[in-house]
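In: With the sequence up front, the predicted model follows.
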Amino acid sequence: MRRLIVIVPLVLFVALGLFLWNGIGKNTESIPSPLINKPVPAFSLSDLLDEQQTITAADLKGRPALLNVWATWCPTCKEEHAQLNRMVQNEGITIYGVNYKDDREKAKIWLDNYRNPYALNIYDPDGKLGLNLGVYGAPETFLLDAQGIIRYKHIGAIDERVWSDLRERMKQLEVN
């Protein structure tokens, strides 16, 4: 019996160690999404800045774009925001925002303070669109083709290194 008291915790400890060791070094920024090569899920939500304007998935079609999930409560979103503004200002790309589980007034103030890079900004106060997109948390960014099909998902902040990769992926969509 004493042997079991020693062996069971030791076996559990070793098993946990192997499980954690297996995860070291894995890329957590591009967790596969079941929505890759599928259209943005259907939705009908108000625009963050204009409660009277309704935005649907059809509004996200027309050209390759990024769909960026963000919130004022997210420190990493603030970290990436200057990069998003540079991408729009310097390269003229289209970014659609999804304001995720946030307070509308706080989000409006935040955009006034830090500038608004979003062509459209979907207000998702309950996180239903985020849930349908498979969002783990903010920020997350989806690459959309001109037909509104999700082609890639990035988890975490967009910095210059990530933007370099996304830029190449967007160029490929513009060619096809």
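Out: That came through fine.
In: count of neighbours near the residue nearest to residue 108 when sequence neighbours are not counted?
Out: The shortest distance from residue 108 to any non-neighbouring residue, by Cβ to Cβ, 6 or more residues apart in numbering, is to residue 49 (6.5 Å). For glycine as for every other residue, the C-beta is placed from the backbone atoms N, C-alpha and C. Using other Cβ atoms under 10 Å, residue 49 has 16 neighbouring residues.
In: Also residue 173?
Out: Other residues close to residue 173 by other Cβ under 10 Å number 18.
In: Mind telling me what element it is part of?
Out: helix 160-175 (DSSP states H and E).
In: now swap in residue 106 and tell me
Out: Assigned by DSSP H and E, residue 106 belongs to helix 104-114.
In: First-to-last residue distance for stretch 113-120?
Out: Start-to-end span of stretch 113-120 (Cα to Cα, to the nearest Å) is 18 Å.
In: what about the spatially closest residue to residue 55 that is not a sequence neighbour, which SS state?
Out: In this structure, residue 55 finds its nearest non-sequential neighbour in residue 122, 5.1 Å apart by Cβ to Cβ, 6+ apart. Taking DSSP: H, G, I helix; E, B strand; the rest coil as the rule, one finds residue 122 in the strand state.
In: Helices along this protein, start to end?
Out: Ranges of helices in the chain, per DSSP state H, are 2-23, 75-91, 104-114, 128-133, 160-175.
In: Grab the nearest non-local neighbour of the residue minimising distance to the centre of the chain.
Out: What sits nearest the mean C-alpha location of the chain, by Cα atoms, centre = their mean, is residue 140, with 1.5 Å. Once flanking residues are discounted, residue 140 sits nearest to residue 69: 4.6 Å by Cβ to Cβ, 6+ apart.
In: what sits against the one you found?
Out: By Cβ atoms under 8 Å, 6 or more residues apart in numbering, the contact set of residue 69 is 97-98, 100, 130, 133, 135, 138-142.
In: which of those residues has the most neighbours?
Out: residue 98 (32 neighbours).
In: Just the pLDDT for it.
Out: Looking at residue 98, its pLDDT reads 98.
In: Isn't the residue nearest to residue 55 up against residue 129?
Out: Yes: taking contacts as Cβ atoms under 8 Å, residue 122 lies within contact range of residue 129: 6.5 Å.
In: Which residues are in contact with each of those two?
Out: In contact with both residue 122 and residue 129: 43, 45, 98, using Cβ under 8 Å, 6+ apart.
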